[in-house]
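S.K.: Here's my sequence, what's the structure:
(one chain, ligands or ions: 1)
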Amino acid sequence: MALIRKGKQFKWHRKHLLGLRELSAEEITYILDTAEGFEQISTRSVKKAPPLRGKVVVNLFFEDSTRTRNSFALAANRLSADVIEFTQKSSSVSKGETLLDTAKNLEAMGIDIVVIRHSAGGVPKFLSRNVNASIVNAGDGYCEHPTQGLLDVYTIRKIKKSLEGLKIAIVGDIAHSRVARSDMWAMTKLGAIVYFVGPPTLMPSQVSQLPVKVSYSLDDVIEEVDVINMLRIQFERLGASSFPSIREYSHYFGLTVERMKRAKKDIIVMHPGPINRGLEIESEVADGSNSVILNQVTNGIAVRMAVLFLVNQAAAITD
Ligand code: CP
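M.R.: Numbers count the residues shown, from 1 in each chain. The predicted model follows:
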């Protein structure tokens with residue numbers, strides 16, 4: 001599939017989706033435009049289209065997931081692919097089989113696309129160099145979660161038409177967040193001004209080298225931002241306490257009804273999920289009229305359909 005943009009024909013050529021850092025604004029826009037084309041399939045009574053008929057997608061998840069895993073499975077199903085669900089607990093990984101042996105054995109069964117989530121950064125890249133299938137990163141360590149970044153910018157673009165010049169705050173546990181990194185790359189490449197907001201203990205060590213503004217006070221930015229993305233406190237990744245108490249964290253960095261009174265009336269409230277209700281966001285805000293949290297989940301299916309479709313198409317050309 002090729003799009004004509006600004007008089008130039010653009011053709012997707014990436015067999016893998018490993019991260020958004022390496023993508024150009026044109027490539028990101030191309031994925032979003034492709035996702036728009038797929039969105040209406042999910043509203044039909046028969047939610048199926050044939051582009052991946054005869055192809056096999058494996059969901060290779062070494063970490064828990066509700067949204068990403070099911071969204072990829074639905075996306076693959078809607079494109080008529082066969083889907084294999086892999087979980088570490090019920091596999092031979094529990095008997096000591098390595099990641100590479102696991103992937104090579106699955107490949108020997110004829111898989112075409114591996115959707116991989118792993119707690120170690122760099123695993124998707126490693127696989128892309130060692131197996132022939134297309135690799136799609138569904139979250140690796142603290143590094144990237146590219147389809148979350150894509151569905152986030154897709155959701156914003158749908159409401160605001162463009163990200164150019166928008167001010168976007170990403171709030172909370174930035175240090176442990178792959179979502180923050182993928183969001184940052186996608187949002188800044190599409191022209192947004194991104195603020196990382198949180199306590200110094202939850203900022204990445206080299207934050208000054210990233211294309212973001214940094215604020216240690218949510219109150220300093222709440223009135224001026226167009227979009228606010230509240231991150232989950234990742235208790236499973238925190239070592240020694242990074243803030244004095246949950247109550248203190250909520251007081252300074254929680255998105256409360258009181259703080260929302262000072263925000264722009266049309267501010268977009270986002271959260272990648274899962275939510276710690278009452279900690280980073282109050283329930284009334286998460287479920288309120290500015291919240292697009294469930295829209296993000298819905299949009300994720302079309303975005304992942306686009307990604308699976310495009311990497312498969314590129315694989316057919318490059319193999
Ligand atoms: N946003 C996200 O990655 O959620 P899951 O961990 O449920 O996939």
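S.K.: How many residues are close by the residue lying closest to residue 148 once chain neighbours are set aside?
M.R.: What sits nearest to residue 148 in space, not counting adjacent residues and going by CB to CB, 6 or more residues apart in numbering, is residue 179, at 5.0 Å. (Each C-beta comes from the backbone N, C-alpha and C, glycine too.) Residue 179 is flanked by 26 other residues according to other CB atoms under 10 Å.
S.K.: Residue 192 now?
M.R.: By other CB under 10 Å, 23 other residues sit near residue 192.
S.K.: Confirm for me that it is in contact with residue 157.
M.R.: No: under the criterion of CB atoms under 8 Å, residue 192 is not in contact with residue 157, lying 10.3 Å apart.
S.K.: Quickly list what's touching both of these two.
M.R.: Both residue 192 and residue 157 are contacted by residue 163, under the criterion CB atoms under 8 Å, 6 or more residues apart in numbering.
S.K.: Residue 113 and residue 146: what is the separation?
M.R.: Distance of residue 113 to residue 146, given as CB to CB, to the nearest Å: 14 Å.
S.K.: between the two, which one's more packed in?
M.R.: Here residue 113 and residue 146 are compared on neighbour count by other CB under 10 Å; more neighbours surround residue 146, at 31 against 26.
S.K.: Looks like the more buried one contacts residue 182 (just checking).
M.R.: Yes: applying CB under 8 Å as the test, residue 146 and residue 182 come out as touching, 5.1 Å apart.
S.K.: Common neighbours of these two, please.
M.R.: The contact sets of residue 146 and residue 182 overlap at 19-20 (CB under 8 Å, 6+ apart).
S.K.: element containing the residue nearest to the spatial centre of the chain?
M.R.: By CA atoms, centre = their mean, the chain has its centre lying nearest to residue 148, at 1.2 Å. With the criterion set as DSSP states H and E, the secondary-structure element containing residue 148 is helix 146-160.
S.K.: Could you check that helix against the ligand for contacts?
M.R.: Yes: applying CB under 6 Å from any ligand atom, one finds helix 146-160 touching the ligand at residue 148.
S.K.: Show me what that helix is packed up against.
M.R.: When contacts are defined as 3 or more CB pairs under 8 Å, 6 or more residues apart in numbering; DSSP states H and E, helix 146-160 sits against helix 25-39, helix 67-78, strand 134-140, helix 178-189, strand 227-230, strand 268-270, helix 293-318.
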